[in-house]
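A.B. asks: One predicted model, sequence on top.
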Amino acid sequence: MVNILLKRIKNLEEKLNMISKENEEAKNELLELYKQCKVSKDKKELFKKKLLKALNKIKSINEENFFDDNILKYKAFLDICKNLNKGYFVFIEADYSHDIQKFILGFLINKISPFFTIYENTVIGLVDEKQYENLKAIKIITYYNSDNAEFNDIDLYKIFFDTDDYNFLVLEKAKKIFQEFRLRPAYKNKHFIEYSLIKNKIIDFEREKLNKQKGKYAFIYEKTYPNLEIDLKREIKNLPFILALLERIDKEMNEIKKSKGTINVVNRMLNFIDLHLSESGISEEVKFLRTKLSE
């Protein structure tokens, strides 16, 4: 959707530039004709007024361009954001020379999305779910330095922001948070940070998404553990189900430990999860629950 919108804006800008050029040419031609006209002195002023009236009808288009050297201007970026209602804002460190900034923008526009701009040594973009995943995976890009004929690595330090609103005030809030983070020594220990503007804290977007989906599995609390052991074998790849199950075990730990039979069932489930799932967050939770179960 964003790509289509940007293409239309580019086409519109080309038309505006063409109209402006044609209007200038028309004005110059009319003025040249005026110079060549032989008008009697008593009619000269009247002719001049009529000519100026005709010239004023040809309004030169002085709209500000949307792009600067094929890069979306910051103001245009803001205007487009107002019409979008989903995605992640991303801020990327760009405190480099102008040439390197252009290289970073060119790379992102070609590899990720055309919806990037630059403001105060910061590259700012809005990416959808797929683009976010692709950009998150990029840690380093290589830049050819023509001054010394060497290739240099550029680290992409970035903060992704989730939000419910895509307006100027939200973007200003994100800019302030980014400025605060870039001053911290620990900021460059990571190539990306995920920050929720909704909750005002760093979060794990993937875990947050799973936790929302987890709410669909309230029925887990209505089943016995032996029945859940059967369900587990069928739902082992269903991460929201696994998270909801582990949450129940955690909440009911004291009750589980009152029954040796239930302890055995829960232990088998934890072993099964550990054997078939390698996600670090899940493995840590299983290890934690095992420890509590053995205390």
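C.D. replies: It's in.
A.B. asks: From Ile230, how far out is Thr224?
C.D. replies: Distance, Thr224 to Ile230, using CB to CB, to the nearest Å: 10 Å. In this view, the C-beta of every residue, glycine as well, is placed from N, C-alpha and C.
A.B. asks: Ok, Phe107 next?
C.D. replies: 50 Å.
A.B. asks: So between the two, which is more surrounded?
C.D. replies: Between Phe107 and Ile230, counted using other CB atoms under 10 Å, Phe107 has the larger neighbour count: 18 against 11.
A.B. asks: Check which helix or strand the spatially closest residue to that one that is not a sequence neighbour maps to.
C.D. replies: Setting aside the residues directly before and after it, Phe107 is nearest to Ile141 in space (CB to CB, 6 or more residues apart in numbering), at 5.4 Å. Using DSSP states H and E, Ile141 falls within strand 140-145.
A.B. asks: name the helices or strands packed onto that strand?
C.D. replies: In terms of contacts (3 or more CB pairs under 8 Å, 6 or more residues apart in numbering; DSSP states H and E), strand 140-145 is packed against helix 98-111, strand 150-155.
A.B. asks: what's the average pLDDT for the first one?
C.D. replies: For helix 98-111, mean pLDDT is 92.
A.B. asks: Pull out the buried positions in the helix or strand containing Lys287.
C.D. replies: Using DSSP H and E, Lys287 sits in helix 280-294. By neighbour count with 16 or more other CB atoms under 10 Å, helix 280-294 contains the buried residues Ile282, Glu285, Val286, Leu289.
A.B. asks: residue ranges for the helices of this protein, please.
C.D. replies: Secondary structure of the chain (DSSP state H): helices located at 2-36, 41-57, 74-81, 98-111, 129-137, 168-182, 205-214, 225-235, 239-251, 253-256, 260-276, 280-294.
A.B. asks: surely Ala76 meets Phe66?
C.D. replies: Yes. Taking contacts as CB atoms under 8 Å, Ala76 lies within contact range of Phe66: 4.2 Å.
A.B. asks: among the helices and strands of the chain, which one scores worst on average pLDDT?
C.D. replies: helix 41-57 (a mean of 60; mean pLDDT, DSSP states H and E).
A.B. asks: Tell me who's in contact with the residue nearest to Ile138 when sequence neighbours are not counted.
C.D. replies: In space, and not counting its chain neighbours, Ile138 is closest to Leu156: 5.7 Å by CB to CB, 6+ apart. For Leu156, the contacting residues are Ile92, Glu93, Ile104, Leu135, Ile138, Lys139, Ile140, Ile141, His191, by CB atoms under 8 Å, 6 or more residues apart in numbering.
A.B. asks: Relative to Ile263, which of those residues is nearest.
C.D. replies: In terms of CB to CB, no member of the contacts of Leu156 lies closer to Ile263 than His191, at 42.4 Å.
A.B. asks: What about the closest residue to that closest one other than its chain neighbours, how many residues nearby?
C.D. replies: By the measure of CB to CB, 6+ apart, the closest residue to His191 outside its immediate chain neighbours is Lys139, 4.3 Å from it. For Lys139, the neighbour count with other CB under 10 Å is 13.
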